[in-house]
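Asks: Fold the following, please.
(chains A, B, C and D)
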Amino acid sequence: MTENTLKDKDGFETMYLNMGPQHPSTHGVLRLGLVLDGEVIIKAEPDIGYLHRGMEKLAESRTYQANIAMSDRFDYVTSMNNNFVTALAVEKLLGVEIPKRAQYLRILMAELNRVVNHILFFGFFAMDLGATTALIFGFREREEALELFESVCGARLTYNYFRVGGVSRDLPAGFIEKAGNFVKMMRSRLKDYDDLVTGNVIFQDRSVGIGRISKEDVLAYSLSGPVMRASGIKYDIRKDDTYSVYREFDFEVPVRENGDCFDRYMMRMLELREALKIIEQVLIKLEPGEILAKVPKIIKPPAGEAYVRTESPKGELALYLVSDGTANPYRLHLRAPSFINLQILQKILTGVKVADVIAILGSIDITLGEVDR
Amino acid sequence: MDAQKYLNEIKGRFPGTADAAPERIKDGVPALLCPAPFLFEIVKYLKAEGFNYLMDLCATDYRDSLEVIYHFCALETNVKLTVKVRLDREKPELASITPLYPGADWQEREAFDLLGINFPGHPDLKNLLLPCGWEGHPLRKDYSRKPDQYD
Amino acid sequence: MNAYILKILRGFWSLLVGMKVTLKYFFKKPVTVQYPYEKREIAPVWRGILNQLCDAKGVELCDGCQICGRICPVQCISMEVYKDPADNKRKTSSYIVDFGRCMFCGLCVEACPKKCLVHTTDYVLVSYERAGMVLGKDKLVKR
Amino acid sequence: MNISYGLENIWTWLITLIDRLFCRAGLPYIFAYTLEKIIFGVALLVFISISVLFLIWLERKVSAHMQSRLGPMHVGGWHGWAQTIADMVKLLFKEDIIPAKADKWVHRIAPIVVFVPSLMAFLVIPFEKNLIGQDLNAGILLIFAFSSLAVLAIIMGGWASNNKYTLLGGIRSAAQMVSYEIPLVLSVLSVIMLVGSLKLNDIVEAQQGWHWFAFTQPLAFMLYIIAATAEVNRTPFDLPEAESEIVSGYNTEYSGLKYGFFMLSEFTNMLIVALVAATVFMGGWQGPKWLPLPGIIWLLLKTYLIVFVLMWFRWTFPRLRVDRLMDFGWKVLIPLAFVNIFLTGLFMVVFK
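Replies: Numbers count the residues shown, from 1 in each chain, chains lettered A, B, ... in the order given. You can find the predicted model right below:
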């Protein structure tokens, strides 16, 4: 698109604004080409690929276990969930049975990571709307969760905790108490969050009714996760197409009707509470046992393919894995929720203001590492 | 299996469609191998039958041919179905399903970008992830990267 | 009109509630750590810089089986192996880890059959040039 | 009111001394007068620079503690007191970049234009009864007149940078500052009606004892604080420099000392609106009789209280959207200000 080829409704010149790739709140290196009439957007064109690392190609020259280590980098905010889907896909090809304790530990970690992701979302979304303090509060709580992760797997961001057939380490002593305290602390902090941001009249003014996504659009654009549920479609892969042992846990799938920025925000806040609920249940149910199934040292799944879907905090995170019987995957395709959720921007950005672009982009909750892979 | 019903229905309607090697598929979702010219019609039929959610669209290079894989899901009944299309490696062309599922837009562009599959009917088929003017399609198995300034 | 005024009042009240939260934390103790002066406690399982262990006599345990180098996803471990004529055992003449490439995934430590490769809790890897992040046996072997 | 202590005594002593000396030397009074004003101006400038440095440090500390952080702790020793000085020195040494396609002269002049009016407004503020640059009859009007000049500089800077973000910031600021001038003046108008004078000293003396207008005119006080927040471009009304939307707004393309000037004027403006609030609504330099502190201390205490509230706003609230900001200004603040004026008038007529 060249500059000023589009005219506004009165026939005047428009302004072409390059939002990004270097911009404080495009969550990384996303570029939005905006055609502006004053502050109103006539046309928006997202441009991605600035962070393309060729992970799908890289995966073809790495072993399955190394691929789990690499999956940390898909979406660096929800590493545990990426580990989860990679491990599940390989196990589906291998056809191994996972020990009970490992299953619970996996769910514990995945849900803890969901909490972390939603706290970060809270911080960044509020930050996009100008409330700086919320971001720091979010990071403060995330720190506590990261310390839990650190005590389990020795890393704070790229955990590489899951193994094909189980998990790498058992919980350290005192972890269950610490996690319980974290859940309690998080519950009390959520009240602060609500006071500071959710109830705030300016925040509601900025988010209610902004960037509405209809049910039809959700289906047409294959949106998933909180974005989908905020528009009134009650579909959670953990419940409706369950995997691992999520069936054993009692949790609600929250759903909202309007599909605007505020509902997408509320979805995350509600899901955060549900995730805390699941964590509590796991902590109670944990029993001593094996954490790693018997798998060969060098994993060579039989030739075949599998499409495994999981519910990552950002949406449907799925892996299409093709094996040809060697130690490396033949093809690994990631169905990245951020990538597919981001497509809706082209449609809903027309007619909104520049300030709303940031709100809408923030409410979709993307990680550029996952969008570009 | 509920999805099997749709499979048989499609096999009856569109000649040339067949089951895609079931022993290869480990996730238990029935897969359909359909000829490229019928794809758009089949997807249209599937959408009318309630497969309202396109989970994933991706492509794989099998050295002798390219394969495009569509994963569909009907959210109400939770029935899943996989549709596969074999394409010629030299001149891969497949009708775009973007008019039916706008969400296929970027995924088709990605396949175009990384595997060189052409989707006639796509509104704006151009590079997505790779820089403009990149030569070759990295996810093809015979792709070899030319050394650049960083090597 | 009533609703309008009520809306304004409710709006102001929500603002006051928000201000209460920030004021509460204004008087609370900060949670940050003044990094170079005080350091936070690191979990003992921390995946930091690698170390090679030796036995009680100070002889290296590593027998140069190359498994760590092969399993490394980023190929940052390289070594040279020779056969010691004295006791007819494989030994490494050099063992180099490029921490500029290492992603601290810990797969090498898990794979080591002799259990002689371990992580330390050391995370300080600053150096003035890239070569400073390539550590050889002199830095890695702990006697 | 008879305060026999404070800074003003030193000041009166000084000007009498200068007057006498010049008289003894046989020079006309105009020289003595000029010298006095120059001394006052220099003192004012020093006061402003120190205050701004302190304010920036305070802003960092307040924001840090509200966010469970510590803020700058290293530079200078005690709680990083020298951090802003170090930053200013850094700004001085930074390269001055003018974009290639910028309107160079306007780009250069804008930081000066933004700073001068914010300085001028200090002239009429009574730090103590006699410690005042010039006790003008139209003192408060002068302040508002000068503070509305700042928008000119912001538009100049935004337009001259030839950048789309700065342009957006400039336009936003024009719309915002012009429409928030009105409630700002209207809220003070009710006070002026009660006092019957535009002279700031008269307003201060009308609030003897604890008869602060903040108590007798609470609505006007609130309106003033809100409109003043918008006037000095601070969150929740910091649209001209909304960093998450339009990068940094009008000063995106400024660097080094010029950026420093924009920063300086921002904090100076904040100081002015806080000083005016303290003077007009909180009794100015008057303090309680039982605690004999110099008037200037009282004034600064009140000022910093207001400043703290402004900072508190900033680190609590999200940012409004442009159209909602206009809505709020025209549909909420201005009607309320008119209601307040009407009620004040009614009150004055009934209880004459």
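Asks: Now do the helices in chain B.
Replies: B:2-13, B:39-48, B:104-115 (DSSP state H).
Asks: Pick the most buried one from those.
Replies: Most buried of those, by mean neighbour count (mean count of other Cβ atoms under 10 Å in any protein chain shown): helix B:104-115, with a mean of 24. Yep, even glycine has a C-beta here, placed from its N, CA and C like the rest.
Asks: Any idea how far stretch A:156-174 is from the middle of the chain?
Replies: Remark: stretch A:156-174 is offset 20 Å from the chain centroid, using Cα atoms, centre = their mean, to the nearest Å.
Asks: Tell me which residues of it come out buried.
Replies: A:156, A:158-171 (16 or more other Cβ atoms under 10 Å in any protein chain shown).
Asks: rewinding a little: can you list the helices of chain B in TSV and add distance to chain C and mean pLDDT?
Replies: Formatted as TSV, the helices of chain B follow (distance: least, Cβ to the nearest Cβ, whole Å; pLDDT from 0 to 100):
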stretch	distance to chain C	mean pLDDT
helix B:2-13	37	76
helix B:39-48	37	84
helix B:104-115	22	87
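Asks: which helix in chain C runs the most residues?
Replies: Per DSSP H, chain C has its longest helix at helix C:2-26.
Asks: What helices and strands are in contact with that helix?
Replies: Counting contacts by 3 or more Cβ pairs under 8 Å, 6 or more residues apart in numbering or on different chains; DSSP states H and E, helix C:2-26 is packed against helix A:201-207, helix D:29-66, helix D:295-314.
Asks: Is there proximity between the helix or strand that the longest one is followed by and chain C?
Replies: Toward the C-terminus, helix D:29-66 is succeeded by helix D:83-93 as the next helix or strand (DSSP states H and E). No - on the criterion Cβ under 8 Å from any Cβ of the partner chain, helix D:83-93 is out of touch with chain C, staying 14.2 Å away.
Asks: tell me the angle of helix D:83-93 relative to helix D:29-66?
Replies: 110 degrees (axes from the mean of the first three to the mean of the last three Cα atoms, to 10 degrees).
Asks: Quick one: mean pLDDT over helix D:83-93.
Replies: Helix D:83-93 shows a mean pLDDT of 88.
Asks: And stretch A:186-205, by the same measure?
Replies: pLDDT averaged over stretch A:186-205 gives 87.
Asks: For that stretch, which outside residues touch it?
Replies: A:115, A:122, A:126, A:129, A:131, A:133-134, A:137, A:141, A:262, A:265-266, A:269, A:272-273, A:276, C:10-12, C:14-15, C:17-18, C:20-22, C:24, D:236, D:316-321, D:324 (Cβ atoms under 8 Å, 6 or more residues apart in numbering or on different chains).
Asks: hmm, back to that, redo the helices and strands packed on helix C:2-26 as CSV? Include mean neighbour count and distance to residue C:44.
Replies: Output for the helices and strands packed on helix C:2-26, formatted as CSV (neighbours: other Cβ atoms under 10 Å in any protein chain shown; distance: least, Cβ to Cβ, whole Å):
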stretch, mean neighbour count, distance to residue C:44
helix A:201-207, 24, 42
helix D:29-66, 16, 32
helix D:295-314, 20, 42
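Asks: need the ones you listed in TSV with distance to residue D:77, can you?
Replies: Output for those, formatted as TSV (distance: least, Cβ to Cβ, whole Å):
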stretch	distance to residue D:77
helix A:201-207	39
helix D:29-66	13
helix D:295-314	22
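Asks: Would the helix or strand containing residue D:157 count as contacting chain A?
Replies: Taking DSSP H and E as the criterion, residue D:157 maps to helix D:150-160. No - judged by Cβ under 8 Å from any Cβ, helix D:150-160 and chain A are separated, with a smallest distance of 13.4 Å.
Asks: next structured bit after that helix?
Replies: Taking DSSP H and E, what comes next after helix D:150-160 is helix D:164-195.
Asks: tell me which residues in the helix or strand following that next one are buried?
Replies: Next in sequence after helix D:164-195, counting helices and strands by DSSP H and E, comes helix D:200-205. Neighbour-count burial for helix D:200-205, counted by 16+ other Cβ under 10 Å, picks out D:200-205.
Asks: helix or strand for the closest residue to residue A:250 other than its chain neighbours, which one?
Replies: Excluding the flanking residues, the one nearest residue A:250 by Cβ to Cβ, 6 or more residues apart in numbering or on different chains is residue A:281, at 6.7 Å. Using DSSP H and E, residue A:281 maps to helix A:261-285.
Asks: Quick check: next helix or strand after that helix?
Replies: Following helix A:261-285 in sequence order, the next helix or strand is strand A:304-312 (DSSP H and E).
Asks: Much appreciated, bye for now.
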